[in-house]
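J.: here is a sequence with its predicted model. Questions after.
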Amino acid sequence: MCPRAGCRPARRKAPVTHSVRLLTREDAAGVHALHARCFPPDEAWSAWSFRDTLALPTTIGLATEAGERLSGMILAQNTPPDADILTMCVDPDYRRAGLATDLLNGLVRLLGPYGVNRLCLDVAADNGAATAFYESSGFLADGRRRNYYERSDGTQVDAVLMSRSIAGQANESEA
């Protein structure tokens, strides 16, 4: 029921099954398209950047798919004893469905054989949704980089440095 006259009830989306898979450099165009749906134009990575990053032997990337379309992705740089999350996003149409958690958990499982003890990242201080997600996933703030991000309007935003211990949580790879 709508709270005010004249409004239509929101339609519920049918549940969509998402699969998780490894990314390859051939996924660069699709990952770029997903990233562009999730970030402002001045913050989205280019298809070339994704292709070059995915080609590195130290990069681990996972994606969720809804049918033929990428619905989420995570990229990390594996540099034991740490791994750094480079970027992560979930398509706005599929948010709040557990995809980010699935991607993060999948990454932790994949890092097991590499001797990674800690997962690190930085997040824009004004990105409250991402910060809340990472905190709820066990990440703690370690520090700040002042004025690290520059927005298209010229304003600068701090980067919050966060990390989470994963030692002993990732024993087997599912790759």
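T.: Alright, I've got the coordinates.
J.: and the strands in this protein, which stretches?
T.: Along the chain, the segments classed as strands by DSSP state E run 18-22, 59-66, 69-79, 82-90, 118-124, 140-150, 156-165.
J.: tell me which of those strands approaches residue 39 most closely.
T.: strand 82-90 (6.9 Å; Cβ to Cβ). From N, CA and C alone the C-beta is placed, and that goes for glycine too.
J.: distance from the closest one to the middle of the chain?
T.: 5 Å (Cα atoms, centre = their mean, to the nearest Å).
J.: so which elements touch it?
T.: helix 28-38, strand 59-66, strand 69-79, helix 99-111, strand 118-124 (3 or more Cβ pairs under 8 Å, 6 or more residues apart in numbering; DSSP states H and E).
J.: so what touches the first one?
T.: This points to helix 28-38. Surrounding helix 28-38, the residues in contact under the criterion Cβ atoms under 8 Å, 6 or more residues apart in numbering are 23, 44-51, 54, 61, 63, 70-73, 87, 89-92.
J.: let's see 7 Å
T.: With Cβ atoms under 7 Å, 6 or more residues apart in numbering as the test, helix 28-38 has contacts from 23, 44-47, 50-51, 54, 70, 73, 87, 89, 91-92.
J.: now the angle between strand 59-66 and it, please.
T.: Taking axes from the mean of the first three to the mean of the last three Cα atoms, to 10 degrees, helix 28-38 and strand 59-66 form an angle of 70 degrees between their directions.
J.: how far does helix 28-38 sit from its chain's centre?
T.: Distance, centroid of helix 28-38 to centroid of chain: 12 Å (Cα atoms, centre = their mean).
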